[in-house]
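Visitor: Quick one, fold the following:
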Amino acid sequence: MASPTTFNSSSNITNGNDPKNVSPTDYSVEEIERTINDFYSPTSQLSVPQRQQLNHILECLQYSPLAWDFSWKLLNINKSPSVQFFGAVALCNKISKHLSELDDNQIQQLFQQLIQRLIFYISINSKQITIKLVVALGHLILNMMPDKWKNGITAIITLFTQSQNEFLIKHPEKGHLIVLNILTILPEEFSRIVVSKAQRASIRVELESQFPTVLTYIQFIIATYNQADILGKMFSCLSKWLEFGISIIKVESLFDYLFNSLNNESIFDDASDCIIVLFTSPDALKYPSTFSRLLPYVLQLEFILDQALMIGDKEKAECITKLITQFGENLAQLIVQMAITPNQQIQTLSHKFCCLVMKCTDMKGQYPVEETCSELTFSFWYALQEEVTSADEDEKQMILLELFRPYFERLIEVLISKGQLPENDSIFTSEDKETFRCYRVDITDTMMCMHNVLGNRAIEVLANHLLLAVEQNQTWQRQESIIQLVGAGSEYVPLDENLVLPRIFLLLPKLNFCNSSIINATLMVLGQYSSWLGHHQETLQNCVHLCINALSTPELIQSASIALKELTMENRMHMSKYLNDIFPIIKNVLENANVQPNDRIRCVAIIGYILSAYPSKIVIDHLNILLAPEVNKLLAYLSETGGEKNVILRKQNVCTTLSFISVLITAIGYCGDQSDNEENEQHQKQIEAVNDIPEVLCCVLRDLDPILHLVLKQYADDNEVTEKLCEILSRTVTTLRESSSPILNTLLQLLQNIGPTILHLQFLNFVRNTLLLFSQDTDKQTFNLFLAVLQRFGCLFNGDIVWLKNHVDIVEDFANFLIQVIKKLPHVVHHCPNEAFVLLFQFVKSGLQLHEQSTLRSITMFTSNYIEYTKLNQRAADLLQQNGLEIVQILLKCIGSASPRHLVDTLSLPLFTLSKAYIDWTSNWVQQCLNDPNFPTPSPKRHHREALIKALTSERTSRANFKDNINTFSSTCRGIDYSGTTSNKNRS
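Guide: Just a heads-up that it's a prediction; the model follows:
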């Protein structure tokens, strides 16, 4: 029995984490085999660290020179399947990445061995290993093209189809499967080969020149074989060559066969996949006549679609619909061009195609239970309206609109029908309900396209359908569907529209409100048209009470509160007269314990917006009624005790109450109003004469201060609760602005009582907003705000990069905060002691080594701004001079290899800024770093290092050129040519 793999100090790995540096003498074939079996054994009891070590060893072995030898020995039928597969993978990786390690004779020998082993594994039907060996052979052929093997494709076809191998003579179809697999792999793997740009270009030319050979071979397969597996592979092969970029005109001879194949059940899926690739070819506008010749084939798909629908084959119907709409979506411009061509026959084809897509959109049956085709067509209608609306000439656009208007108007009617809720939703599973919900969202999006292309005509069509639905007492489902689509047009209807929308809103009270769904839809429309209603107050007056009355109904409160919030925010002066109607209802809602937190918050906002239009005495009277119960609840929550469940629930309740207060402050302090007519302006002036909202809110905050301190007494170190509290502080400052000055000390005292480990976004937002408003004051307490943030961060960070890695969200928010302060408030930073500047440099040096992209981007932007700032502050500049060398070392190390390649562009920014601000210092620091031939890696030669130093001086004014130089240097450090070629030294 083989002894288990031992786990010592990785003495077998000669170069740490580099998988390319395993010595050939370190492992015997037996040890490799044992390692593979240990790693893949289903009964393995390895620990996670042990598995990680074994995985690392196996990765290293795959890329080691040893792999040229052991891979063949592992490809032995007597070995376990895992061992054989590993051998195939290792061989494939070596050929694809490190073929330059072999000379021509060795490559020829490798080719012969690979052919023999490939035939053997296909003879025993070992699919996984066969696929890997085919990929390996494909990479070998590509690397030999064209210099070492001209006309390689012809040779490969001959090699396997005229072979003297006994197995292939008995089973010639297997030889053809090998050839088809290889011909599929060549264009597919072309993008993955590791070669220079010049060689890649010559390989592409060689492949394109040999496509006639491939096409002849495909035609031979079509004429000779009817087995599904061979024809399926043939379709896959053709698809890959089309994706590679072979022009559609070169395969025009196959059109008949491709579309006729859709009548063959055994190859239907493969043929349809290939046709999809054909339709997505980028050649459409280059060869319009060729694609036009495809359209009759597409129209003939209607017959197959009808057959599939007749026998209830939903999958086939869906596939055919996908083919039809894929053609239209990708070739919408061609469809449009055909519609305006003088040739009547071609015009007819274009219109027939639009009718066919409409037929698919209007598929009979309930989506998604009875049909799943209609949703696929929406993308075509979007593409078509894009083509119509983007016509470069107004006259042409008008012609196109007249041509396609009937289809767009018919589409609106179809969308109404397809978007109707079912009479009995018990036909839906929970998954069906969610699918149908998404389907209705797609219908709404499609309707928005119709509003975009038809303008007011779209809303007019809907108004006509709604009038008909009301007059004929059509089902509430149809009425609800129309209302949904009316809502989709809210962004497209101008505020001065006064012909169609008034008709629609007059019809609303006549709707069949027998179901909560249609009431909810109507309420949502009122919210969506809040701006328009503000400019048509006679219509608004008729709609308000529908929203108010719905607040009392649990299943309607969500949509009613959303609509009323939008209406009051947009039209607060006009809506203020409904205070006595709305307030009692909302008071009852707030007293109802079963109302959801979000609905409560919206109701608070509604009252707040309305109260903002009233004199302060009325505001205070209503606030007392609203806030007293909430404060009592908050005190009750704070005094509660109990188990873990109660603790969680109590915290949620505390957060909800704090949100309540926060939203109320924002809403009452709101001054915006979309409807700026004379009546509103006069009313506003009258209110302003007796309104002192800032003073009211200051009083409220003073009264709440002891309560908020009680909250902090229990939750000072809790992130969620302190976020809500900081939100109150931040909203107070941003709402009242300079008027918050009387209570600023109260707010700052609350902030100081927040736990020392708290430094979330809301905390930083309050500090930033306060500094922006009050940093010009001489009050030292305001200046100390910035220092307080730095001290908190310093205590949390404490020079520990691991802490930064584990708290990237805090780090990113902190960096963004610093950017804003340094850019907008440099005078605040001027007053910092030296210790603060030292902390910021420590943060820079550790933060630049993080690998989280968005966090690193914020850190590098701060670093860049901080470097710029040092030109304004001599103390900061002196510290930069002391720390600059270390910062440059860190940047070059990260650029060279320590950070992932995708971060190199981001890391180049601080170095670029340094070179602009302090060119002499930067050149000197970079020179000192690069004098070490092993820094940041041994790969860059002298000319590479000199090129980087030159870039610092000669290219410093161009960020783009500088990034290119940094990327080149980074790639060289990693042993990769900037073109993407791995250097020989690092392959071995």
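Visitor: Centre-most residue in this structure?
Guide: Centroid-nearest residue in the chain, with CA atoms, centre = their mean: Ser854, separated by 13.9 Å.
Visitor: Would you confirm that that one contacts Glu812?
Guide: Yes: the criterion here is CB atoms under 8 Å, and Ser854 meets it with Glu812 at 6.2 Å. For the C-beta atoms, the positions are set from N, CA and C on the backbone; glycine is no exception.
Visitor: what residues go with each domain of this structure?
Guide: According to the TED database, the chain comprises the domains 25-99, 283-454, 614-673+684-774.
Visitor: Save those as TSV, and put in mean pLDDT, distance to Pro833 and mean neighbour count too.
Guide: As requested, the domains of the chain are exported to TSV (pLDDT from 0 to 100; distance: least, CB to CB, whole Å; neighbours: other CB atoms under 10 Å):
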stretch	mean pLDDT	distance to Pro833	mean neighbour count
domain 25-99	87	45	18
domain 283-454	95	56	18
domain 614-673+684-774	88	17	18
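Visitor: show me where the stretch 851-988 of the chain has strands.
Guide: With DSSP state E, counting those that start in this stretch, there are no strands along the stretch 851-988 of the chain.
Visitor: ranges for the helices of it?
Guide: For the stretch 851-988 of the chain, the helices defined by DSSP state H, counting those that start in this stretch cover 853-869, 874-893, 904-917, 919-930, 942-954, 959-973, 984-987.
Visitor: Tell me how far the second one lies from the chain's centre.
Guide: Distance of helix 874-893 from its chain centroid, counting by CA atoms, centre = their mean, to the nearest Å, is 36 Å.
Visitor: Check the third one too.
Guide: Going by CA atoms, centre = their mean, the spacing between the C-alpha centre of helix 904-917 and its chain's C-alpha centre is 28 Å.
Visitor: What is it packed up against?
Guide: Packed against helix 904-917 by the contact rule (3 or more CB pairs under 8 Å, 6 or more residues apart in numbering; DSSP states H and E) you find helix 853-869, helix 874-893, helix 919-930, helix 942-954, helix 959-973.
Visitor: nearest to Ile822, of the ones you listed?
Guide: Nearest of those to Ile822, taken as CB to CB: helix 853-869 at 4.9 Å.
Visitor: would you put the C-alpha positions of the closest one in PDB?
Guide: Provided in PDB are the C-alpha atoms of helix 853-869 (Å, rounded to 0.1, in the frame of the first residue of the first chain):
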ATOM      1  CA  GLN A 853     -10.600  47.400  -6.400                       C
ATOM      2  CA  SER A 854     -13.100  50.000  -5.400                       C
ATOM      3  CA  THR A 855     -11.400  50.500  -2.000                       C
ATOM      4  CA  LEU A 856      -8.000  50.800  -3.700                       C
ATOM      5  CA  ARG A 857      -9.400  53.300  -6.200                       C
ATOM      6  CA  SER A 858     -10.600  55.500  -3.300                       C
ATOM      7  CA  ILE A 859      -7.200  55.200  -1.500                       C
ATOM      8  CA  THR A 860      -5.200  56.100  -4.600                       C
ATOM      9  CA  MET A 861      -7.400  59.100  -5.300                       C
ATOM     10  CA  PHE A 862      -6.900  60.200  -1.700                       C
ATOM     11  CA  THR A 863      -3.200  59.600  -2.000                       C
ATOM     12  CA  SER A 864      -3.100  61.700  -5.100                       C
ATOM     13  CA  ASN A 865      -5.100  64.500  -3.500                       C
ATOM     14  CA  TYR A 866      -2.900  64.300  -0.400                       C
ATOM     15  CA  ILE A 867       0.200  64.700  -2.500                       C
ATOM     16  CA  GLU A 868      -1.300  67.700  -4.200                       C
ATOM     17  CA  TYR A 869      -2.200  69.100  -0.800                       C
END
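Visitor: that older thread, can you tell me which of the helices and strands packed on helix 904-917 is packed in deepest?
Guide: Compared across the helices and strands packed on helix 904-917, helix 853-869 shows the largest average neighbour count, a mean of 21 (mean count of other CB atoms under 10 Å).
Visitor: what's that one packed up against?
Guide: Applying 3+ CB pairs under 8 Å, 6+ apart, we find helix 853-869 packed against helix 808-824, helix 834-847, helix 874-893, helix 904-917.
Visitor: With distance to Arg117 and mean pLDDT as new columns, can the ones you listed be given to me in a markdown table?
Guide: Converted to a markdown table, those look like this (distance: least, CB to CB, whole Å; pLDDT from 0 to 100):
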| stretch | distance to Arg117 | mean pLDDT |
| --- | --- | --- |
| helix 808-824 | 48 | 96 |
| helix 834-847 | 52 | 96 |
| helix 874-893 | 44 | 96 |
| helix 904-917 | 40 | 94 |
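Visitor: Phe291: which of those is closest?
Guide: Closest among the helices and strands packed on helix 853-869, using CB to CB: helix 904-917, at 39.4 Å.
Visitor: residues making contact with the closest one?
Guide: Outside helix 904-917, the residues within contact range by CB atoms under 8 Å, 6 or more residues apart in numbering are 844, 848, 853, 856-857, 860-861, 863-864, 867-868, 870-871, 884, 887-888, 891, 894-895, 899, 921-923, 952-953, 956-957, 959, 962-963, 966-967, 970.
Visitor: Try it again at 6 Å.
Guide: If you take CB atoms under 6 Å, 6 or more residues apart in numbering as the criterion, helix 904-917 is touched by 856-857, 860, 863-864, 867, 891, 894-895, 922, 952, 956, 962-963, 966-967, 970.
Visitor: same thing with stretch 328-344?
Guide: Here stretch 328-344 makes contact (CB under 6 Å, 6+ apart) with 279-280, 284, 288, 291, 346-347, 350, 357, 379-380, 383-384, 387, 403.
Visitor: redo that, cut-off 7 Å
Guide: Stretch 328-344 has contacts (CB atoms under 7 Å, 6 or more residues apart in numbering) with 279-280, 284-285, 288, 291-292, 346-347, 349-351, 353, 357, 379-380, 383-384, 387-388, 399-400, 403.
Visitor: returning to what we had before: quick check: which of the helices of the stretch 851-988 of the chain is nearest to Leu825?
Guide: Set against Leu825 and scored by CB to CB, these come closest in helix 853-869, at 10.8 Å.
Visitor: Report the mean per-residue pLDDT for that closest one.
Guide: Confidence for helix 853-869, expressed as mean pLDDT, is 97.
Visitor: Next, the angle helix 808-824 makes with it.
Guide: Interaxial angle of helix 853-869 relative to helix 808-824 (axes from the mean of the first three to the mean of the last three CA atoms, to 10 degrees): 30 degrees.
Visitor: residues making contact with helix 853-869?
Guide: Contacts of helix 853-869 with the rest of the structure, by CB under 7 Å, 6+ apart, involve 808, 811-812, 815-816, 818-819, 822-823, 826, 829, 840, 844, 847-848, 850, 876, 880, 903, 906-907, 909-910, 913-914, 917.
Visitor: Same check on stretch 799-818?
Guide: 759, 761, 764, 768, 793, 796-797, 842, 846-847, 849-850, 852, 854-855, 858-859, 862.
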